[in-house]
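> okay, sequence plus prediction incoming.
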Amino acid sequence: EAQVTQNPRYLITVTGKKLTVTCSQNMNHEYMSWYRQDPGLGLRQIYYSMNVEVTDKGDVPEGYKVSRKEKRNFPLILESPSPNQTSLYFCASSLSEVRGDEQFFGPGTRLTVL
Amino acid sequence: GQQLNQSPQSMFIQEGEDVSMNCTSSSIFNTWLWYKQDPGEGPVLLIALYKAGELTSNGRLTAQFGITRKDSFLNISASIPSDVGIYFCAGQTNNDMRFGAGTRLTVKP
């Protein structure tokens, strides 16, 4: 089954404790991205990756890092999480570049930073 | 970056009623998209629009790409309980994709 998976689905952590949210897709997609969803703000892009070893900042990259060592995986790293990073995070992938009509979203990761 | 203006923010309707929501922007987009997000899930594409003036249907859903390319609307006819969720609009131009804040729809049986 074609899908985007994220882990964990839920995470409660404390300020400053490094964490990684994994994202994996099995569709051989080149383009992957991370969004955060906050009430009243919709989805905002954090980082995206056009291909392996190619990443770039989205609209709200501060406090986040990403890596793209393999085509299928695109982990989101919070080196020192803060409470304002409490949010619902979505990973998405598409065949090449950002194509809204071909973009598959993962199920989401709800992060709470205390 | 600029997000889209989506309204209304929320709607409470009776089963069987029609629903209308819209998105506006100060920027032009080449593609307009409408997604639905069920609780605990990621957004799923409902309708994609590619040309100004285009009117597209998907079952009980109808969406239009505004003539000015700065707006779009989504209509749901004869709503049913499973229509509950958050509906997002998105506009795309080249590699830039923007989302609305969402419309939360509640349908009372």
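Here it is on my side, so go on.
> so residue B:105 bridges to which residues?
Using DSSP bridges, the beta-bridge partners of residue B:105 come out as residue B:11, residue B:85.
> again, but for residue B:76
For residue B:76, the beta-bridge partners under DSSP bridges are residue B:19, residue B:61.
> who's in contact with it?
Residue B:76 makes contact with B:18-20, B:60-61, B:83, B:105, according to CB atoms under 8 Å, 6 or more residues apart in numbering or on different chains. Where C-beta positions appear, they are placed from N, C-alpha and C, glycine not excepted.
> go again using 6 Å as the cut-off
Contacts for residue B:76 were tallied using CB atoms under 6 Å, 6 or more residues apart in numbering or on different chains; they are B:19, B:60-61, B:83.
> okay, it and residue B:102: tell me how far apart.
From residue B:76 over to residue B:102 the distance is 15 Å, taken as CB to CB, to the nearest Å.
> and the contacts of residue B:76, which is closest to residue B:39?
residue B:83 (12.9 Å; CB to CB).
> quickly find the element holding the nearest residue to that closest one once chain neighbours are set aside.
Spatially, and ignoring its direct neighbours in sequence, residue B:83 is nearest to residue B:107 (5.3 Å; CB to CB, 6 or more residues apart in numbering or on different chains). Element membership for residue B:107 (DSSP states H and E) is strand B:103-108.
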